[in-house]
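>>> Give me coordinates for this.
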Amino acid sequence: MDIVKFKTMLSEKVVGSMMSFMEECGEDAYFTGEDVAKCEAILTHYLESLAKLTNPTNQEIMDCVQKTVLDLNQLNEDTDYSMIETEERENIWELIQTSAVECGLQNPADDITEEWREW
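Sure thing, here's the model as predicted:
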């Protein structure tokens, strides 16, 4: 798995989108730069967890996915469900899905986050 590629995707597509939205909203934003940093930390931990797996099974990969999605659910709830909107949801889903497949997930569902996702 090319973790550098996925960390770049995280920085540009997920964090960049959230920061742009927050800047556009100004004081009306319901989340902060600290919240964005928490999101980035959750997704970085996910990528690093995948990268540490040797000969990963589908179950090991999906355990990482589940933990990440549940952590993101909590973060989104903490921001009154305002942090992860349509664009962010698509970017986060793409990051989680493509990295899991590249890590070795076999026969993935159309959306591997859907079972646990509340955003």
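>>> how much space is there between the residue of the chain most remote from its centre and V15?
Within the chain, E27 marks the point farthest from the mean C-alpha position, 24.8 Å out by Cα atoms, centre = their mean. Distance from E27 to V15, counting by Cβ to Cβ, to the nearest Å: 20 Å. All C-beta atoms are positioned from the backbone trio N, CA, C, and that covers glycine.
>>> Excluding covalently adjacent residues, which one is nearest to the residue nearest the centre of the chain?
Central residue of the chain (Cα atoms, centre = their mean): I92, 4.1 Å from the mean position. Using Cβ to Cβ, 6 or more residues apart in numbering and skipping the chain neighbours, the partner closest in space to I92 is V14 (5.8 Å).
>>> which parts of whichever strand or helix holds S17 are buried?
For S17, the host element (DSSP states H and E) is helix 16-25. Residues S17, M18, F21, M22 are the ones in helix 16-25 that count as buried (16 or more other Cβ atoms under 10 Å).
>>> if we can go back for a sec, hang on, isn't the residue nearest to I92 packed against E40?
Yes: using Cβ atoms under 8 Å, V14 is in contact with E40, at 7.3 Å.
>>> More neighbours: which of these two?
Comparing V14 with E40 by other Cβ atoms under 10 Å, the one with more neighbours is V14, at 22 against 16.
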